[in-house]
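>>> attaching a predicted model along with its sequence, questions to come.
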Amino acid sequence: MAGPFFDAAEREHLADLLDRLGPDAPTLLAPWTTHDLAAHLVLRERDSLAGPGLVLPGPWERFAERRRKRLARRDFRSLVAMFRSEPPRGFFRIDWVRRVPSLNEFFVHHEDVRRANGRGPRANPPAMDAALWHNASSAPWFLARRLRGAGLVLEWTGTPETVRARRGEPTARIAGAPGEILLYLFGRRRVAQVEVTGPAEAVDAVRRTRFGM
């Protein structure tokens with residue numbers, strides 16, 4: 001996808017919010033606090049040994065969590081400063097990584113902090129919405145991979161943009177702003193401002209599904 005990067009702005013805004021709230025503020029990832037989340041963000045980009053455990057279950061996941069807890073013993077402000085700075089040269093500076101997984105990561109975790117601390121949905125600039133829609137719709141089968149017993153269509157409310165995330169009948173539809181759809185598919189259904197419609201059995205299948213990475 002051509003166009004500007006938005007991960008840098010999300011990184012900066014999230015770092016600013018972490019600094020303002022301090023180490024003990026809640027997140028949507030309870031029992032994690034902002035200190036825990038800062039350690040996770042630093043580990044993701046700077047611990048190549050533990051990195052696979054952020055997406056792989058079992059022993060890898062447990063190993064990564066032990067490393068994150070060790071990292072969380074560090075001073076909160078220093079962790080935020082490390083996150084705010086650019087990642088080391090390598091994987092996390094690749095254009096595609098910045099535009100897709102890193103933008104998703106920073107946007108979702110930014111909302112994990114914002115919404116756990118009384119802040120509602122943001123009005124994103126049109127170009128940011130377009131970038132988030134690209135990310136939600138370019139590989140929707142992956143985000144919807146745990147859905148069983150129903151098809152799924154994603155709809156960007158107020159536009160003609162739709163994409164089939166999973167084939168199957170009956171079919172449910174998740175409609176909302178791109179960022180809200182992304183939040184829902186990353187497991188933040190409690191706060192995502194979306195509308196889930198369709199036959200009752202399809203809607204039930206969507207609501208039973210444990211979306212997320």
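Perfect, thanks for sending it.

>>> which helices and strands does the helix or strand hosting residue 174 pack with?
Element membership for residue 174 (DSSP states H and E) is strand 171-176. The criterion is 3 or more Cβ pairs under 8 Å, 6 or more residues apart in numbering; DSSP states H and E, and the helices and strands that strand 171-176 contacts are strand 151-156, helix 178-185, strand 194-197, helix 200-208. C-betas here are computed from N, CA, C, even on glycine.

>>> swap in 6 Å and give it another go.
With contacts taken as 3 or more Cβ pairs under 6 Å, 6 or more residues apart in numbering; DSSP states H and E, strand 171-176 sits against strand 151-156, strand 194-197, helix 200-208.

>>> tilt between that strand and strand 151-156?
Interaxial angle of strand 171-176 relative to strand 151-156 (axes from the mean of the first three to the mean of the last three Cα atoms, to 10 degrees): 20 degrees.

>>> can you tell me what sits against strand 171-176?
150-155, 157, 181, 193-198, 202-203, 206 (Cβ atoms under 6 Å, 6 or more residues apart in numbering).

>>> deepest of the helices and strands packed on strand 171-176, which one?
Burial among the helices and strands packed on strand 171-176, expressed as mean neighbours by mean count of other Cβ atoms under 10 Å, is greatest for strand 151-156, which shows a mean of 21.

>>> who's in contact with the next helix or strand after that one?
Sequence-wise, the next helix or strand downstream of strand 151-156 (DSSP H and E) is strand 162-166. Counting by Cβ under 6 Å, 6+ apart, the neighbours of strand 162-166 from elsewhere in the structure are 137, 140, 144, 147, 151-155.

>>> tell me how far the nearest residue to residue 149 once chain neighbours are set aside lies from residue 181.
Leaving aside its sequence neighbours, residue 149 sits nearest to residue 205 (Cβ to Cβ, 6 or more residues apart in numbering; 4.4 Å). From residue 205 across to residue 181, the span is 17 Å (Cβ to Cβ, to the nearest Å).

>>> I am finished for the moment; much appreciated.
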